[in-house]
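> All I have is the shape, not the residue letters:
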C-alpha cells in the first residue's frame, strides 16, 4: 500500500469534514482512494446524474475502499428533487427580447421567440401578477403580467437565449408540488437498499416534505434537508427539528435570492443548525474555478475559510471532484485551508460566537462539561462511547478544543458521524463494564493517535452499558502507554 498522504488511523489534523461529490472524474476505485487520502471524509452520490447501475458500482467501490483503509467512510445519496423545466423549441432554442413579452402555456407544441410550453400545470393556478420566473439558473428573468389556468404572460426583465428544457425557478411562491418526485422515490428506495448513510432531500419547502421522506426511509439512514428555497426559511426551525442534518445548498438559493442576500442567510442557517446540535454542511461553488484550474481564486479560499470560521460541520465539493480536471488537488487545497484556519489562534473565539445552551438533561450537561474540562485541563482528546451517535452529536455541538474519538459497536453509527465536526469514529466491540470501558478507551486512544504516555483524556459514556440515551458518566483518564499490549477490534 502506498504511503498515506494524510493519517487515517490518526485524526486528520482538522475538525471540519470534507464531503466530495463522485462523478465521471472520480468514480474509479483508484481516484476514490486518492481523494480519501487527500482528505475526503465522505462521498456524495448525486442521483441527478447517472443510473442506478453506475451508482451501485460507486457505492461498492467506496465500501471496498473502506475495508482497504480500515476506516468508516460515509456515503451520502443526494436526491434530485422536483426540478421545473420549460418544454422544447422548434429549432432547439430561441431568443427572448429584452423588455419583450413572452408566454408560458400548456400547449405541447414546440416553442419560438414568443412562447413555450411549461409542462407543470400546478404552476398555472398559483402565479400572480408581479411574481418572478427565473430561467436557466437566473440568466433569464421574467415578470408575470397576467396568469390564468392556461397561460402565463410575462415581460422579460432580462432576455437572452433560451433552449430546450432549461430549468425554471419560482422564488416568490410556494410551489404545490411534493419534494419527492416518482424518480426521487425510486432513488430513495435504491439508497436505502444500498445502505446509504445519509439521504439528502432537495428543494425542501416545508416540514411536511421532511416528514414524508423520513416515512419512506423507514428508519434507514439519516436525513439531510437541503435549504435552497426561500420558502424554507420562514419555517427553518421546524425543518431543522425534523431533520438529522442541514445543507446550505447555495446553488438554487443563489438563483432565487439576490446575491447579497445569500451570505447572511448562510450564516443564519449555520447558526440555527448549530444551536439545535444538527450537523450543517456548506455547499456549492466553494472552489468552482478548480473545475478547470489547478489552484483556486483568493475569493474561493476566503469562502471556504469563512465557512470553517463559522463552525460548519462540513464543506462540500461538487463539480470540482465530480467532473473537474483537478479532483485530488481540490480536496488537498480544501484540507489545507481548513487546517490553516483551525490553527489560527483566533479560531476558537470565532467558532464559539454562537452560544449553544444545553437542554436540561444529564447528557447535555455532561457534553458541556467535556468542553469545559478540555479548556481547564491539558486534555489531548475526548473519548465518547455511543450506540446511536447522539452523545457524539451533543459533544460536537459544544465545539470542544480537542478532537473526539467516537467508539461505537454500530457500523452504521460509525459511518453516520463521518459528517460530524471533530469526530473520529471507530467501529469496535461493545463494552460491558466500567473497567472494560476505561481499558478499551485507553487502548483505542493510543492506537488512533489521541495521545501518548502521560496524556489525559475525558471519557463520556452511559451506564448501564448498551442502554440508548443513558449518557451519565464522565471520567478523566491518563494514558500509560502499556495499553497497546492489549488486543481489541
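Sure thing, it's come through. All of these numbers come straight from a predicted model, not from anything done at the bench.
> Tell me where the protein is predicted with low confidence.
Along the chain, the parts satisfying pLDDT under 70 run over 1-10, 464-470, 481-489.
> dump the residue contacts of the residue nearest the centre of it.
Among the residues of the chain, the one closest to the centroid is residue 281, at 4.0 Å (CA atoms, centre = their mean). Residue 281 sits next to 19, 224, 245, 246, 247, 248, 312, 313, 314, 315, 316, 419 when contact means CB atoms under 8 Å, 6 or more residues apart in numbering. All C-beta atoms are positioned from the backbone trio N, CA, C, and that covers glycine.
> What of residue 237?
272, 276.
> Which among the contacts of residue 281 count as buried?
Neighbour-count burial (16 or more other CB atoms under 10 Å) applied to the contacts of residue 281 gives 19, 224, 245, 246, 247, 248, 312, 313, 314, 315, 316, 419.
> Narrow the residues you listed to those in strands?
Among those, DSSP state E puts 19, 224, 245, 246, 247, 248, 314, 315, 316 in strands.
> host element of residue 232?
Using DSSP states H and E, residue 232 sits within helix 230-233.
> what's the following helix or strand after that helix?
On the C-terminal side of helix 230-233, the closest following helix or strand by DSSP H and E is helix 236-242.
> hang on, the earlier thing: with distance to residue 150 added, can I get the ones in strands among the buried ones among the contacts of residue 281 in JSON lines?
Formatted as JSON lines, these follow (distance: CB to CB, whole Å):
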{"residue": "19", "distance to residue 150": "44"}
{"residue": "224", "distance to residue 150": "38"}
{"residue": "245", "distance to residue 150": "42"}
{"residue": "246", "distance to residue 150": "39"}
{"residue": "247", "distance to residue 150": "37"}
{"residue": "248", "distance to residue 150": "38"}
{"residue": "314", "distance to residue 150": "46"}
{"residue": "315", "distance to residue 150": "45"}
{"residue": "316", "distance to residue 150": "41"}
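> Return the member of those nearest to residue 26.
residue 19 (12.6 Å; CB to CB).
> Show me what that closest one is bridged to.
residue 42, residue 316 (DSSP bridges).
> which residues does it contact?
Applying CB under 8 Å, 6+ apart, the residues near residue 19 are 40-44, 74, 76, 281, 283, 314-317, 419.
> Let's see that with 7 Å instead.
Going by CB atoms under 7 Å, 6 or more residues apart in numbering, residue 19 touches 42, 44, 76, 281, 314, 316, 419.
> all helices for the stretch 1-150 of the chain, in order.
Using DSSP state H, counting those that start in this stretch, the helices of the stretch 1-150 of the chain run over 29-38, 52-69.
> Relative to residue 303, which of these is closest?
Nearest of the helices of the stretch 1-150 of the chain (CB to CB): helix 29-38, 19.4 Å.
> list the helices and strands that closest one packs on?
helix 52-69, helix 327-343 (3 or more CB pairs under 7 Å, 6 or more residues apart in numbering; DSSP states H and E).
> Redo those helices as JSON lines? Include distance to residue 98 and mean neighbour count.
Below are these laid out as JSON lines (distance: least, CB to CB, whole Å; neighbours: other CB atoms under 10 Å):
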{"stretch": "helix 52-69", "distance to residue 98": "42", "mean neighbour count": "16"}
{"stretch": "helix 327-343", "distance to residue 98": "37", "mean neighbour count": "22"}
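> As a markdown table, those with distance to residue 194 would be great.
Conversion of the helices and strands packed on helix 29-38 to a markdown table gives the following (distance: least, CB to CB, whole Å):
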| stretch | distance to residue 194 |
| --- | --- |
| helix 52-69 | 5 |
| helix 327-343 | 23 |
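> From residue 275, how far off is the residue nearest to residue 15 when sequence neighbours are not counted?
The shortest distance from residue 15 to any non-neighbouring residue, by CB to CB, 6 or more residues apart in numbering, is to residue 422 (3.9 Å). Remark: distance between residue 422 and residue 275 (CB to CB, to the nearest Å) = 17 Å.
> With residue 223 instead?
In terms of CB to CB, residue 223 sits 19 Å off from residue 275.
> Those two: who's more crowded?
residue 223 (18 against 15; other CB atoms under 10 Å).
> partners of the more buried one in the sheet?
residue 199.
> if I pick it, what's in contact with it?
By CB under 7 Å, 6+ apart, the contact list for residue 223 reads 199, 201, 210, 213, 214, 217, 243, 244.
> Other residues contacting whichever strand or helix holds residue 251?
For residue 251, the element it lies in under DSSP H and E is helix 250-256. Contacts of helix 250-256 with the rest of the structure, by CB under 7 Å, 6+ apart, involve 134, 137-138, 169, 171, 227-230, 262, 266, 283-285.
> make it 10 Å
Identification of contacts with helix 250-256 by CB atoms under 10 Å, 6 or more residues apart in numbering yields 81, 83, 132, 134-139, 167, 169-172, 202-203, 226-233, 257, 261-263, 265-266, 269, 282-286, 303, 316, 318.
> With respect to residue 407, which of the contacts of residue 281 is nearest?
Using CB to CB, the contacts of residue 281 come closest to residue 407 at residue 419, 17.8 Å.
> Can you tell me the number of residues neighbouring residue 259?
For residue 259, using other CB under 10 Å, the count is 9.
> For stretch 285-301, which residues meet the burial criterion?
For stretch 285-301, by 16+ other CB under 10 Å, it's 285, 286, 287, 288, 289, 290, 291, 296, 300, 301.
> same check, this time on stretch 208-222
Applying 16+ other CB under 10 Å to stretch 208-222 flags 209, 210, 212, 213, 214, 217, 221, 222 as buried.
> Thanks again, I'm all set now.
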